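A.B. asks: Predicted structure and sequence below. I'll ask about it afterward.
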Amino acid sequence: MVNKIWGFLIISGILFCLFTGNINIVNEEILNSTKSSLDMVFKIFPVLALWLGISKIAEVSGLLNKLSLKLSAVLKYIFPEIPKGHISLSYISSNIIANMFGLGNAATPFGLKAMSSLQELNKDKKVASRSMITFLVLNTSGVTLIPTTIISLRMMYNSACPTSIILPCIIITFSSTIGGLIMDKILSKIYK
């Protein structure tokens, strides 16, 4: 649906420029947006590469596993349906930790593996299980300690203090996670 909306907006914009005799604006914007997109990739890539490298070091050193084990102790209360020691708890905790450090791209494989392992536990394969829904809420609203992408964008646009966003991001993402979990529990009781 969103693709159709964007397609409509693009086509209507091009037609408007064509009928008003401003088709050169379309050409200029295509070239300018391509250049700014490439500039954005070149400026964001080093920061992401740095954090992905730090994440890989943490993974190889065993730090992610240790944090995962500690987080698994908390997750057993959030996901009571998952058997103790099941691999999905490890995937879920790895996903949450990667998201906490602003590594959304690194978190995606863990999230996919978590959903796959949760699907194995699911009795009705056509409907999302309680644990799958809760994980989706956690993954979507996840607490972020270091918002690397936002910091990179702020650096790219010459922000005076690109890291000033860290505390507000922690507060907002923590609040959204707590709110999401509360709503998840309320709705699970209503629609049980």
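C.D. replies: Yep, it's here.
A.B. asks: who touches the helix or strand encompassing Thr134?
C.D. replies: In the assignment (DSSP states H and E), Thr134 maps to helix 130-141. By Cβ atoms under 8 Å, 6 or more residues apart in numbering, the residues outside helix 130-141 that reach it are 78-79, 81-82, 88, 92, 95-96, 99, 107, 111, 114-115, 118-119, 121-122, 128, 173, 176-177, 179-181, 183-184, 188. All C-beta atoms are positioned from the backbone trio N, CA, C, and that covers glycine.
A.B. asks: From these, which land in helices?
C.D. replies: Here DSSP state H is the test, and those give 78, 88, 92, 95-96, 99, 107, 111, 114-115, 118-119, 121, 173, 176-177, 179-181, 183-184, 188 as lying in helices.
A.B. asks: Taking the chain centroid, which residue in this structure is the extreme one?
C.D. replies: No residue in the chain sits farther from the centre than Gly21, which is 41.9 Å out by Cα atoms, centre = their mean.
A.B. asks: tell me which element that residue is part of?
C.D. replies: Using DSSP H and E, Gly21 falls outside every helix and strand.
A.B. asks: Pull the number of nearby residues for Leu103.
C.D. replies: Leu103 has 22 neighbouring residues, counting by other Cβ atoms under 10 Å.
A.B. asks: Same question for Pro109.
C.D. replies: 13.
A.B. asks: Without its sequence neighbours, what residue ends up closest to Ser68?
C.D. replies: Leaving aside its sequence neighbours, Ser68 sits nearest to Ser93 (Cβ to Cβ, 6 or more residues apart in numbering; 4.1 Å).
A.B. asks: Give me the pLDDT value at that neighbour.
C.D. replies: You'll see Ser93 listed with a pLDDT of 85.
A.B. asks: One more: Gly180?
C.D. replies: Reported pLDDT for Gly180: 92.
A.B. asks: Next: Asn32.
C.D. replies: 85.
A.B. asks: Helix, strand, or coil at Ala3?
C.D. replies: If you look again at residue 3, you'll see it is Asn, not Ala. Using DSSP: H, G, I helix; E, B strand; the rest coil, the structure places Asn3 in helix.
A.B. asks: Next, the contact list for Ser68, please.
C.D. replies: Ser90, Ser93, Ser94, Ile97.
A.B. asks: any idea which helix is longest in this protein?
C.D. replies: The chain, longest helix under DSSP H: helix 23-61.
A.B. asks: Cys17 touches Glu29, doesn't it?
C.D. replies: No - between Cys17 and Glu29 there is no contact under Cβ atoms under 8 Å: 9.2 Å.
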